[in-house]
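Visitor: When you get a sec, could you give me coordinates for this:
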Amino acid sequence: MEAMSFLRHATDRDLVYQKMKETFHYRQKMLHDPVQSADILQMFLCFLDKKGLVLQDFLLMFGAETASRFLEKWNISFKDKIIQEARVLKETPLLKKTSEICPE
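Guide: Predicted coordinates for the structure are as follows:
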C-alpha cells in the first residue's frame with residue numbers, strides 16, 4: 001500500500017495526518033483482526049511520535065461531539081482497572097519501549 005510506504009519515511013506532519021486519515025479503514029480492519037491487531041503500532045510507528053493521531057482516529061470513529069470528550073479529565077475510578085489490565089498484558093518489545101517512555 002502506497003500510503004503505508006510513505007508513512008514509514010514521512011516527516012511532514014500535515015502529510016502524515018492526511019495519509020493516516022486515508023488508511024483509517026484499513027487500520028480498523030487490522031484492529032478487529034486477532035492476528036493483525038498486535039502489529040498496528042509496528043506498522044504505523046507515527047502513532048508513537050506524532051501527537052494527535054489517536055484523537056484524529058477517535059474523531060473519525062465517533063464524530064466531533066464524542067471526540068471532544070476524549071480529552072476531558074476522566075474519573076479516577078478507571079485508574080485501578082486500567083493498571084490491573086495493563087499488568088496482565090503480554091510484554092512485547094514495543095510495549096517495553098512504551099513503558100520506558102511513559103513510566104508509571
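Visitor: for the chain, where's the lowest mean pLDDT among helices and strands?
Guide: Ranked by mean pLDDT, DSSP states H and E, the weakest helix or strand in the chain is helix 93-101, scoring a mean of 64.
Visitor: State the distance from Gly63 to Lys79.
Guide: Taking CB to CB, to the nearest Å as the measure, Gly63 falls 27 Å from Lys79. All C-beta atoms are positioned from the backbone trio N, CA, C, and that covers glycine.
Visitor: correction: Lys19
Guide: According to CB to CB, Lys19 and Lys79 sit 34 Å apart.
Visitor: Between these two, which has more neighbouring residues?
Guide: Lys19 (21 against 10; other CB atoms under 10 Å).
Visitor: Now for that one: which residues touch it?
Guide: By CB atoms under 8 Å, 6 or more residues apart in numbering, the contact set of Lys19 is 3, 6-7, 10.
Visitor: what do you get if the cut-off is 10 Å, keeping everything else the same?
Guide: Contact analysis of Lys19 by CB atoms under 10 Å, 6 or more residues apart in numbering lists 1-7, 10, 12, 44, 46.
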